[in-house]
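Trainee: fold the stuff below for me.
(2 chains)
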Amino acid sequence: MTDLSKLKISEARDALRKGDVTSVDLTEACLSAVDRAVTLGAVVHKTPEVAIGQAKSADDRIKAGDAPDLCGIPLGIKDLFCTKGVPSQAASAILNGFTPEYESTVSGKLFDAGAVMLGKLNMDEFAMGSSNETSTYGNAVNPWRRNGDDTALTPGGSSGGSAAAVAADLCLAATGTDTGGSIRQPAAFTGITGIKPTYGRCSRWGIVAFASSLDQAGPMTKDVRDAAIMLEAMCGHDPKDSTSADLPVPNFEAMLTGDIRGKTIGIPREYTMDGMPDEIAALWAEGRKMLEDAGAVVKDISLPHTKYALPAYYVIAPAEASSNLARYDGVRYGHRAKLSQGDGITEMYEKTRAEGFGPEVQRRVMVGTYVLSAGFYDAYYNRARKVRTLIKKDFEDVFAQGVDAILTPATPSAAFELGRKQDDPVQMYLNDVFTVTVNLAGLPGISVPVGLDTTGLPLGLQLIGRPWEEGDLLNTAYALERAAGFVAKPAQWW
Amino acid sequence: MSIDTETAARVAKLARIRVEDDALPALAQEFSNILGFIEQLNEVDVDGVEPMVSVEPMRLKRREDGVTDGGMQDKVLANAPDAREGFFAVPKVVE
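Mentor: Residues are numbered from 1 along each chain as shown, chains lettered A, B, ... in the order given. This next block holds a predicted model:
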């Protein structure tokens, strides 16, 4: 029965409806795959009792007919989502022991649709990182290795546990969140599909906040069809998040025709970076050809402020983080430091936060504090917000010229060794060079696996769509997926 | 811009994160590196550009101003490191 965990959502849905398999079968297969994959560090809180209970209910619902697409589908949930009665600590020591009394809107929608939670998944602490190395749980490890080389590689970050779990077939799909590339970069590093929808598509309520103007949830799946199915279940207006859009959510799966004839795809010249590996450039050129062959009109475009996206991001995101993370004060939840005789409330705050936050989170909170402090607010924070306006305008200009989607590499390299970039924060930040513009502009972006590099590691391309047009974007991604024919899987060593 | 240890100490204080004195020089160096990276933004002409407030130009939805939730003191306090008699307990704040 172990092969059941290898199914895609669409395959499992069809098998469940036909009665060929039960949700309990699927769930048990996934739970046993999770138990055998401890070395991947992907699942950090297992919830087998919850899972079996949900699976039994799902089976009853399927028998009764009229079950939603996700009914009975075993998923992994990123640790950033608050899940009622199940530890939810954003991979941070400061939330040790935190067990929410409530359910995040997105995970609640998935469970209402009948989805099954196998457990909580590893990530970078507070979603701050690109390699899953800042987690209090330890590293998540990429199931992919280079040919003939057992060096441990990063699954990317921050949704590294989600990426590893899906790529290793521990679950059928997983939730991720994306503030600067945290769904798309790990998806590319592990040969899976990940979409960040338009800002406002998914409710942020109950998702531990990092940078509220950039954070969005999205699915991480084995193919584009699954991304369409799962995204639809995650989207929708929520009165508890005033930035969630009150717009109808289309049936994304029904929009997957694969027909992109006459669509205009833009290739931004500013995404050709100095020192871009030849393999990435070649992959990008291949992707362009695939879309042309599928009947799209491909043209060169310019997004002139691309270069300034990362520095703007590293002002705005830490600024928002420093404000959001002020709530971790040792009073209402999580860790509180042991105090010495005579310590007052300020010492309690300072010791609690020094003990509870890891080095990267401390760094970003302090950088954010600095750029918001008196005398620097205009020079850094307001300037970054003005540059953000210009970055968004770059996209609006090309969309106004009739561009339907934009094709770029997803990452500047394939997955790298764990430990390699940890000492230099700025080097680590460069991982997000192709993805971060999309968050700043609030647009939907999807990473699709397209090929393998010479060492056998997966590489992905990113498609960026118009706001609220995830359906059209998914359809273009579907055409790219069909042309690329990527079916490789990591050889199991764990 | 180069950040000195005094500024690093001030930022740590503002952020309410305890940093030991011997860790300040390295922290100041890290800040300097990151701010050096950020300073590329000075190359951009932002004259007359409005700072972004909301990425999608939509009016936030409003609801009736009414009580929709409450009466769950036990749940609110359930995760507190120190809760007593229905309150969050903290070290003495006022002498």
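
Trainee: C-alpha from now on. contacts and neighbour counts both.
Mentor: Will do.

Trainee: isn't residue A:104 right up against residue A:79?
Mentor: No - taking CA atoms under 8 Å as the contact criterion, residue A:104 and residue A:79 are not neighbours in contact, 11.3 Å apart.

Trainee: which residues touch the most centrally placed residue in chain B?
Mentor: The centroid of chain B falls nearest to residue B:15 when counting by CA atoms, centre = their mean (6.9 Å). With contacts defined as CA atoms under 8 Å, 6 or more residues apart in numbering or on different chains, residue B:15 is in contact with A:322, A:365-366, A:369.

Trainee: and the gap between the nearest residue to residue A:201 once chain neighbours are set aside and residue A:221?
Mentor: What sits nearest to residue A:201 in space, not counting adjacent residues and going by CA to CA, 6 or more residues apart in numbering or on different chains, is residue A:235, at 5.4 Å. From residue A:235 over to residue A:221 the distance is 16 Å, taken as CA to CA, to the nearest Å.

Trainee: so which of these two has more stuff around it?
Mentor: When residue A:235 and residue A:221 are compared on other CA atoms under 10 Å in any protein chain shown, the one with more neighbours turns out to be residue A:221, at 32 against 25.

Trainee: got a list of what the more buried one touches?
Mentor: Contacts were defined as CA under 8 Å, 6+ apart; by that measure residue A:221 touches A:8, A:166, A:172-174, A:192-194, A:227.

Trainee: turn those into a markdown table, columns for pLDDT and neighbour count.
Mentor: Listed next are those as a markdown table, based on pLDDT from 0 to 100; neighbours: other CA atoms under 10 Å in any protein chain shown:
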| residue | pLDDT | neighbour count |
| --- | --- | --- |
| A:8 | 98 | 20 |
| A:166 | 98 | 29 |
| A:172 | 98 | 29 |
| A:173 | 98 | 31 |
| A:174 | 98 | 30 |
| A:192 | 98 | 29 |
| A:193 | 98 | 32 |
| A:194 | 98 | 36 |
| A:227 | 98 | 25 |
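
Trainee: now tell me what touches the lowest-mean-pLDDT helix or strand in chain A from outside.
Mentor: Of all regular secondary-structure elements in chain A, judged by mean pLDDT, DSSP states H and E, the least confident is helix A:425-429 with a mean of 82. Residues external to helix A:425-429 that are found in contact with it (CA under 8 Å, 6+ apart): A:129-130, A:310, A:421-422, B:33-34, B:37.

Trainee: at 7 Å instead, please
Mentor: Applying CA atoms under 7 Å, 6 or more residues apart in numbering or on different chains, the set of residues contacting helix A:425-429 from outside is A:130, A:421, B:34.

Trainee: let me see the contact set for the first one.
Mentor: Spelled out, that is residue A:130. The neighbours of residue A:130, taking CA under 7 Å, 6+ apart as the test, are A:156-158, A:182, A:428, A:431.

Trainee: please repeat the previous calculation with a cut-off of 10 Å.
Mentor: For residue A:130, the contacting residues are A:123-124, A:154-160, A:180-182, A:185-186, A:421-422, A:428-432, by CA atoms under 10 Å, 6 or more residues apart in numbering or on different chains.

Trainee: which among those end up buried?
Mentor: A:123-124, A:154-160, A:180-182, A:185-186, A:421-422, A:429, A:431-432 (16 or more other CA atoms under 10 Å in any protein chain shown).

Trainee: lowest-pLDDT helix or strand in chain B?
Mentor: The element with the least model confidence among the helices and strands of chain B, by mean pLDDT, DSSP H and E, is helix B:24-38, at a mean of 94.

Trainee: in that one, what's buried?
Mentor: Under the neighbour-count criterion of 16+ other CA under 10 Å, helix B:24-38 has B:24-25, B:27-35, B:37-38 buried.

Trainee: export the residues you listed to JSON lines and tack on distance to chain A?
Mentor: Listed next are the buried residues of helix B:24-38 as JSON lines, based on distance: CA to the nearest CA, whole Å:
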{"residue": "B:24", "distance to chain A": "12"}
{"residue": "B:25", "distance to chain A": "14"}
{"residue": "B:27", "distance to chain A": "8"}
{"residue": "B:28", "distance to chain A": "10"}
{"residue": "B:29", "distance to chain A": "11"}
{"residue": "B:30", "distance to chain A": "8"}
{"residue": "B:31", "distance to chain A": "7"}
{"residue": "B:32", "distance to chain A": "10"}
{"residue": "B:33", "distance to chain A": "8"}
{"residue": "B:34", "distance to chain A": "7"}
{"residue": "B:35", "distance to chain A": "8"}
{"residue": "B:37", "distance to chain A": "6"}
{"residue": "B:38", "distance to chain A": "5"}
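
Trainee: residue numbers of the stretch 151-300 of chain A in contact with chain B?
Mentor: The interface of the stretch 151-300 of chain A toward chain B, taken as CA under 10 Å from any CA of the partner chain, is made up of A:198-200, A:213-214, A:237-239, A:241-246.

Trainee: among those, which lie within strands?
Mentor: The subset of these located in strands under the criterion DSSP state E is empty.

Trainee: which among those end up buried?
Mentor: By neighbour count, with 16+ other CA under 10 Å, those hold A:198-200, A:213-214, A:237-238, A:241-246 as buried.

Trainee: what's the most distant pair in those residues?
Mentor: Within those, two members stand farthest from each other by CA to CA: A:214 and A:246, at 18.3 Å.

Trainee: and the closest residue to residue A:46 other than its chain neighbours, how many neighbours?
Mentor: Leaving aside its sequence neighbours, residue A:46 sits nearest to residue A:119 (CA to CA, 6+ apart; 4.2 Å). Number of residues near residue A:119 (other CA under 10 Å) recorded here: 27.

Trainee: residue A:119 and chain B, how far apart?
Mentor: 21 Å (CA to the nearest CA, to the nearest Å).

Trainee: my read: that residue touches residue A:81, true?
Mentor: No - counting by CA atoms under 10 Å, residue A:81 is not a contact partner of residue A:119; they are 11.3 Å apart.

Trainee: that older thread, give me the buried subset of the contacts of residue B:15.
Mentor: Buried residues within these, counting neighbours by 16+ other CA under 10 Å: A:322, A:365-366, A:369.

Trainee: farthest-apart pair in these, please.
Mentor: Spatially, the most separated pair among those is A:322 and A:366, at 7.0 Å (CA to CA).

Trainee: what sits in contact with each of those two?
Mentor: Joint contacts of residue A:322 and residue A:366 (CA under 10 Å, 6+ apart) are A:372, B:15.

Trainee: circling back to that earlier point, which ones among the buried ones among the contacts of residue B:15 also lie next to chain B?
Mentor: Filtering these for proximity to chain B by CA under 10 Å from any CA leaves A:322, A:365-366, A:369.

Trainee: from those, which single one is nearest residue A:112?
Mentor: Using CA to CA, residue A:322 is the member of these that lies nearest residue A:112, at 33.6 Å.

Trainee: now the angle from the host helix or strand of that closest one to helix B:24-38?
Mentor: Residue A:322 belongs to helix A:309-324 when assigned by DSSP states H and E. Per axes from the mean of the first three to the mean of the last three CA atoms, to 10 degrees, the angle that helix A:309-324 makes with helix B:24-38 is 130 degrees.
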